[in-house]
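Colleague: Kindly return the folded structure for what I paste below:
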Amino acid sequence: MKKFFKNVLYSGIQDSLGPEEQVKLLFINSIIFLGMAVLTVFGIRDITGGNLVLGGVTLAIDAIVLGLYFTIRTTKNYLIGVWFLPFFMFAFYSYLTASGGAGSTTVLWMLTYPSFAVFLAGTVWGAVFSGAFLLVQLALLFVPGLSPAWGIELEYKLRLAGVYAILFTFSLAFETIRMKAQRELASTAAELAAAKVQTDGILKNVNEGIFLLDPELTIGDHHSLSLAGLLQVEAPAGRTLPDLLRGRIEDRNLNACRDYLSMFFMPTPPWHLMEDINPLSEVAVATADGTERHLTFAFGPVELSTGRRVLGTVRDVTQAWELGQKLKQEEDRSARQMKHLFQIIHVKPELLLQFLQDADEEIAAINRRLKDPKSDPVTLVEELFQGVHSVKGNAALVGLVSFADRVHDLETTIDSFRTKKPVWQDFLEMTVRLSIIQAELTEIRELLDRMAAFQRGLEASVGGKDLLLLALEKAVDRLGQDTGLGVDLDTSLFPTEIVPEKHRKLIRDVLIQLVRNSFAHGFEPTSERRASGKHTRARIKVAVTPADQHLTLAYWDDGRGLDPQRLRQAARTLPSWGGRDPGSLTDAQALELAFAPGLSTTATPGLHAGRGVGLGLVKERVEAAGGRLRLRSVPGKGVAFDITLPIT
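Modeller: Numbers count the residues shown, from 1 in each chain. Presented below is the predicted three-dimensional model:
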């Protein structure tokens, strides 16, 4: 029955209309049915009262109104009623006003016109209809002889016009406010719909589980799609979080979780401690397939109009946890290896090799006993204890203290089994612990192999050469690769065995800096060397000779040499230059500028030059060692450095 009346009142087209349109259609049909009822009663009354004309007109209008309903229902267009009724009621009410006399009350119907005209047609067209209607009614009321309504008392007509004006104004104001509120409501609804779309999109696509808990710790209806997968439940909404975790985490964590979440609903929770005391900050959760996942929960308060809620988030950190475990294992392994390394270097190689061989044989024998099904458990424990004790004693004897401590822990465990009859679980534990010991022996052996390989590699790379000479050759090779220049190094007059130990580091550092200076400032590109008649490969020559109580080191390259004029120009750019005008310096004096701090003839600093530090540092260190440094240069031919150092 309800569905039937709804279909009648909405002309059967309510599903195709919006809320505003449905209200207007309901208003139109209500006016139609109410008007039909009133018109039918009045028409019958007029006809039975002898006023056939008025009664006939009334029933004709009644028929028109009924036709309007079926027209709207047939065409499914409610706008017919929106525009028909203002015109129709305009004419009908005008007819009632014109047909009434001094004692008639039909004129009162005019007061209802602005309300539905403005509502149906809107403020603009409603104002036009209502204004035109008012003008017509005023003409009928105040123009002499135009209608019987002219005979109505003047004061009554003035009051009638005033009330109409008030209702007209009120209708316009009300409709304006209503439409504005409707627009704001529609805008708000659109914003909420857009926000809901975004929120739904976030909740569907975010990887974290997001949810709200009420004071009963029940998960709300709105949560992220990932929550079900993370908690491995089909429908988490409506269930409490502790119930979802029951049987999947440790009981102590479950009880702590319930107590912790309840604290959020206390009047004054200890907010500064809530994050630190979270029992689910990282928790192992059992899964349906028997594996274990590691989840991290975070909680925070949310104040809503319905009261406080707890916003929870959960993430799967299993991979991070596994990576952390692997990292910890590697750190422990590295720490063990460092301990072993420090202890190995103090052990004689032959003793260490003998220990490893004996330990391997002892552990192999232990494994054979463990695999023998006929072994008596009590006897087997005793044999295991003796074998492990032997390995521990030998490890301590050769100096592998950290390894001996680990074996001692296993020995203590086996010793605890000697006072009871062991079961198979005890032997399983011993087997696992023994495999760890065996793995550590493998690590020690690998360390020995690496040390041996390192020693062999070092002997092969040195090839009997002095490390001072190797460092020099390495510097020339590396800079040659970086710059693309081919350089021949001549060390035939550089017997490194005559260099005193106290000067070896100084000479190495000086020679490397001079080599860098040659590559950065001295050597020309291959094309330039060819054009100037030089060999395409540059040359460096190093020589050392003892003389009385001194050692003379000579370094020479065949590059472009130092240009005194470029040194003078570079000196002018030094902010700290406080000497005389560089232009007045002789060539010999200008060459000394190469040792000035901060001076460089390279415009742009690079990896090997440009800071103005190198040669100044060389001179400073040579003089600090009690030596002297002399620079000679021939532009286009090369540069030479003569360094004299005291031997005693």
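Colleague: where do the helices sit along the stretch 451-600 of the chain?
Modeller: Taking DSSP state H, counting those that start in this stretch as the criterion, the stretch 451-600 of the chain carries its helices at 467-483, 501-517, 526-531, 564-572, 587-591.
Colleague: Dump those helices to JSON lines, plus mean neighbour count and distance to F129.
Modeller: Heads up, the C-betas are built off the backbone N, CA and C, glycines and all. Output for these, formatted as JSON lines (neighbours: other CB atoms under 10 Å; distance: least, CB to CB, whole Å):
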{"stretch": "helix 467-483", "mean neighbour count": "16", "distance to F129": "93"}
{"stretch": "helix 501-517", "mean neighbour count": "18", "distance to F129": "98"}
{"stretch": "helix 526-531", "mean neighbour count": "13", "distance to F129": "98"}
{"stretch": "helix 564-572", "mean neighbour count": "17", "distance to F129": "95"}
{"stretch": "helix 587-591", "mean neighbour count": "16", "distance to F129": "105"}
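Colleague: Can you say which of those is nearest to L356?
Modeller: Of all the helices of the stretch 451-600 of the chain, helix 467-483 sits nearest to L356, with 32.5 Å by CB to CB.
Colleague: same for that closest one, what does it pack against?
Modeller: strand 487-493, helix 501-517 (3 or more CB pairs under 8 Å, 6 or more residues apart in numbering; DSSP states H and E).
Colleague: Nearest to A186 among these would be which one?
Modeller: Of those, the one closest to A186 (CB to CB) turns out to be helix 501-517, at 76.8 Å.
Colleague: hmm, who's touching that closest one?
Modeller: 468, 471-472, 475-476, 479, 499, 540, 542, 544, 551, 553, 555, 608-609, 614-615, 617-618, 621-622, 625, 641, 643, 645 (CB atoms under 8 Å, 6 or more residues apart in numbering).
Colleague: With only the CA atoms kept, save it in PDB.
Modeller: The C-alpha atoms that make up helix 501-517 are tabulated as PDB, following Å, rounded to 0.1, in the frame of the first residue of the first chain:
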ATOM      1  CA  GLU A 501     114.500   4.300   7.700                       C
ATOM      2  CA  LYS A 502     113.800   7.700   9.300                       C
ATOM      3  CA  HIS A 503     113.600   9.400   5.900                       C
ATOM      4  CA  ARG A 504     111.600   6.700   4.000                       C
ATOM      5  CA  LYS A 505     108.200   8.100   4.700                       C
ATOM      6  CA  LEU A 506     109.300  11.700   4.000                       C
ATOM      7  CA  ILE A 507     110.900  10.700   0.700                       C
ATOM      8  CA  ARG A 508     107.900   8.700  -0.300                       C
ATOM      9  CA  ASP A 509     105.500  11.600   0.300                       C
ATOM     10  CA  VAL A 510     107.900  14.100  -1.400                       C
ATOM     11  CA  LEU A 511     108.300  11.900  -4.500                       C
ATOM     12  CA  ILE A 512     104.500  11.300  -4.800                       C
ATOM     13  CA  GLN A 513     103.800  15.000  -4.500                       C
ATOM     14  CA  LEU A 514     106.500  15.800  -7.200                       C
ATOM     15  CA  VAL A 515     105.000  13.200  -9.500                       C
ATOM     16  CA  ARG A 516     101.500  14.700  -9.100                       C
ATOM     17  CA  ASN A 517     103.000  18.200  -9.800                       C
END
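Colleague: just to revisit the earlier point, filter the contacts of helix 501-517 down to the buried ones, PyMOL style.
Modeller: A single PyMOL command selects the buried members of the contacts of helix 501-517 (16 or more other CB atoms under 10 Å):
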select buried, resi 468+471+472+475+476+479+499+540+542+544+551+553+555+608+609+614+615+618+621+622+641+643+645
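Colleague: Where strands are concerned, which of the contacts of helix 501-517 count?
Modeller: Judged by DSSP state E, the contacts of helix 501-517 include I540, V542, V544, L551, L553, Y555, F641, I643, L645 as members of strands.
Colleague: Count the neighbours of the residue nearest to the second one when sequence neighbours are not counted for me.
Modeller: Translated: V542. What sits nearest to V542 in space, not counting adjacent residues and going by CB to CB, 6 or more residues apart in numbering, is F494, at 4.7 Å. Counted with other CB atoms under 10 Å, the neighbours of F494 add up to 23.
Colleague: Next up, phi/psi of F494, please.
Modeller: For F494, the backbone dihedrals are phi -120, psi 70 (criterion: degrees, to the nearest 10).
Colleague: which residues of this protein score low on pLDDT?
Modeller: Across the chain, the ranges flagged by pLDDT under 70 are 100-106, 198-205, 337, 340-343, 346, 454-465, 574-580, 582, 584, 598-614.
Colleague: and it, what are its domains?
Modeller: 2-182, 209-320, 329-438, 467-646 (automatic domain parsing).
Colleague: and the closest residue to R560 other than its chain neighbours, how many residues sit next to it?
Modeller: Once flanking residues are discounted, R560 sits nearest to E524: 5.4 Å by CB to CB, 6+ apart. Here the number of neighbours of E524 (other CB under 10 Å) works out to 17.
Colleague: Ok, R252 next?
Modeller: For R252, using other CB under 10 Å, the count is 9.
Colleague: Figure out the helix or strand that it lives in.
Modeller: Using DSSP states H and E, R252 maps to helix 251-263.
Colleague: Of all the helix elements in this protein, which one is longest?
Modeller: helix 154-205 (DSSP state H).
Colleague: That one - contacts with which helices or strands?
Modeller: Using 3+ CB pairs under 8 Å, 6+ apart, helix 154-205 is in contact with helix 113-142.
Colleague: Can you name every helix or strand that the helix it packs on contacts?
Modeller: helix 19-48, helix 79-99, helix 154-205.
Colleague: now these in JSON lines, with mean neighbour count?
Modeller: Converted to JSON lines, the helices and strands packed on helix 113-142 look like this (neighbours: other CB atoms under 10 Å):
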{"stretch": "helix 19-48", "mean neighbour count": "16"}
{"stretch": "helix 79-99", "mean neighbour count": "19"}
{"stretch": "helix 154-205", "mean neighbour count": "13"}
